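>>> Predicted model and sequence below, questions to follow.
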Amino acid sequence: MPTPIRFVLVHPRTPENLGAAARALKNFGQKDWTWVRPPWNPDDPRARTLAVGAEDVLASARLAATLEEAIADC
């Protein structure tokens, strides 16, 4: 069994980055990811614009206040 991987986006610059990242994660069968301090509402529709086919991955992201919090259980 492969080692689990968690992807962490720290202070992503635009909501579109989250949508694009969700698609990339979906393409590789990954779902475990956390956003640290996104500077806008995580439900921003601009993220969904680029998450075509990966809306489930986009919705599964966790939020954390710090990088340390995001990886505390790793």
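Sure, I can see it.

>>> on contacts alone, who are the packing partners of the top helix by length along the chain?
Using DSSP state H to assign secondary structure, the helix with the most residues in the chain is helix 15-27. In terms of contacts (3 or more CB pairs under 8 Å, 6 or more residues apart in numbering; DSSP states H and E), helix 15-27 is packed against strand 7-10, strand 33-36, helix 45-50, helix 55-60. Where you see a C-beta, it was placed from the backbone N, CA and C, and this is true even at glycine.

>>> next one: stretch 38-51 to chain centre, how far?
10 Å (CA atoms, centre = their mean, to the nearest Å).

>>> got the end-to-end distance for it?
Stretch 38-51 has an end-to-end distance of 17 Å (criterion: CA to CA, to the nearest Å).

>>> neighbours around L18, how many?
26 (other CB atoms under 10 Å).
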